[in-house]
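Peer 1: coordinates only, sequence not included:
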């Protein structure tokens, strides 16, 4: 069952929040742009249960220094100072994205045909595995096909929200995010740290969490990017980021990835584009996605309310050296899953599965991970 959002309202203009500020926002649904062109509708598949809000205070990054160095190689041409790029923590995300996109255009992966992948068969419509360290494509299936992304959309949402909202800022929850009694419920009026809401939203794939975060960040993003169009500035920045990264097959109609209708998905992209996006996210913001590596966790709001999150990724135990991941599932998308992991320490790989089934996405990913482990030893 998908959560029902409150009716659209016109939000008041909010000042740019400062560290420790409490962000109070009305329950609004952002005005969504119409993309061009619109992909053809996909046949319906079984519906998924609601993706609900969850979170955890970010812990130490699980990515090693070697892994961070290697991850950046996918964006940097030979001769570019990779270590300098990763250590420049004060650089604006937009500038970093632009530099990454320019470098990626210079240095493209070289396809290979590992024996371990030769007999791999998947239920997915598209898949892509990239050895980031070796800059090699290990597996590719319809990698440029433009398909519905579902909740994979929440990764760029988190990236752009984190540009303007710091983890210690506070959000007053504008509406209940789950049914009464649900351990995943964030109740209207409770005050939560932004970092907790981001972590909860990513790990438990909360549609409400994505809308709340986007609403809280809107005015600050508009102040940071004056060219942001009307409606949701957060949504505008998500699409702006994909342009800066050169992800030509990817665009977003909403901030959660929830289907817009029975024929229109909330986001579209290719397996290749998702791989590039995840490599960028893992190299520039690994701590932002630590919660996606945890099976479950408990948390507490500023005012003492408790919640518990269960990760929507059911194959965490089969993925070694997990750095980040995100599930996705809607009627139009089917089952999606993307991960960045290290088959051996310091050797990151990104794997993407799109258009599988609810269970098939996990079975497909286990096959890709197993073949990767057999290839990289």
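Peer 2: Yep, it's here. What you see is a predicted model, and the numbers here were worked out from it, not measured in a lab. Numbering: from 1, shown residues only.

Peer 1: what about residue 201, how many neighbours?
Peer 2: Residue 201 has 32 neighbouring residues, counting by other Cβ atoms under 10 Å. C-betas here are computed from N, CA, C, even on glycine.

Peer 1: In three-state terms, label it for me.
Peer 2: helix (DSSP: H, G, I helix; E, B strand; the rest coil).

Peer 1: Tell me if I'm right that it and residue 213 touch.
Peer 2: Yes: contact criterion Cβ atoms under 8 Å: residue 201 and residue 213 qualify, at 6.3 Å.

Peer 1: now the strands for the stretch 201-350 of the chain?
Peer 2: 251-252, 267-269, 296-300, 306-310, 322-330, 334-344, 347-356 (DSSP state E, counting those that start in this stretch).

Peer 1: how about those strands, which one is nearest residue 116?
Peer 2: strand 334-344 (11.0 Å; Cβ to Cβ).

Peer 1: Flag every buried residue along that closest one.
Peer 2: Residues of strand 334-344 classed as buried by neighbour count (16 or more other Cβ atoms under 10 Å): 334, 335, 336, 337, 338, 339, 340, 341, 342, 343.

Peer 1: That strand pairs with which strands?
Peer 2: Strand 334-344 pairs in its sheet with strand 322-330 (antiparallel), strand 347-356 (antiparallel), by DSSP bridges.

Peer 1: want to try a markdown table for the strands of the stretch 201-350 of the chain, with mean pLDDT as columns?
Peer 2: Formatted as a markdown table, the strands of the stretch 201-350 of the chain follow (pLDDT from 0 to 100):
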| stretch | mean pLDDT |
| --- | --- |
| strand 251-252 | 98 |
| strand 267-269 | 98 |
| strand 296-300 | 96 |
| strand 306-310 | 92 |
| strand 322-330 | 98 |
| strand 334-344 | 97 |
| strand 347-356 | 98 |
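
Peer 1: Which elements pack onto the longest helix along the chain?
Peer 2: In the chain, assigned by DSSP state H, the helix with the most residues is helix 207-224. On a contact count with 3 or more Cβ pairs under 8 Å, 6 or more residues apart in numbering; DSSP states H and E, helix 207-224 meets helix 154-161, strand 170-172, helix 194-204, helix 233-244.

Peer 1: and residue 292, which of the ones you listed is closest to it?
Peer 2: Once the helices and strands packed on helix 207-224 are compared by Cβ to Cβ, helix 194-204 is nearest, at 5.2 Å.

Peer 1: what's that closest one packed up against?
Peer 2: Applying 3+ Cβ pairs under 8 Å, 6+ apart, one finds that helix 194-204 makes contact with helix 154-161, strand 170-172, helix 207-224, strand 296-300, strand 306-310.

Peer 1: now residue 158: how far from residue 140?
Peer 2: 27 Å (Cβ to Cβ, to the nearest Å).

Peer 1: More neighbours: which of these two?
Peer 2: Taking neighbours as other Cβ under 10 Å, residue 158 and residue 140 compare with residue 158 leading, 25 against 19.

Peer 1: Can you read off the pLDDT for that one?
Peer 2: Note for residue 158: predicted pLDDT of 98.

Peer 1: I figured it hits residue 198, correct?
Peer 2: Yes: at 5.4 Å, residue 158 counts as touching residue 198 under the criterion of Cβ under 8 Å.

Peer 1: joint contacts of these two?
Peer 2: Contact criterion Cβ atoms under 8 Å, 6 or more residues apart in numbering; residues shared by residue 158 and residue 198: 213, 288.

Peer 1: Run through the stretch 51-200 of the chain and note the low-pLDDT ranges.
Peer 2: 51-114 (pLDDT under 70).

Peer 1: Good, wrapping up.
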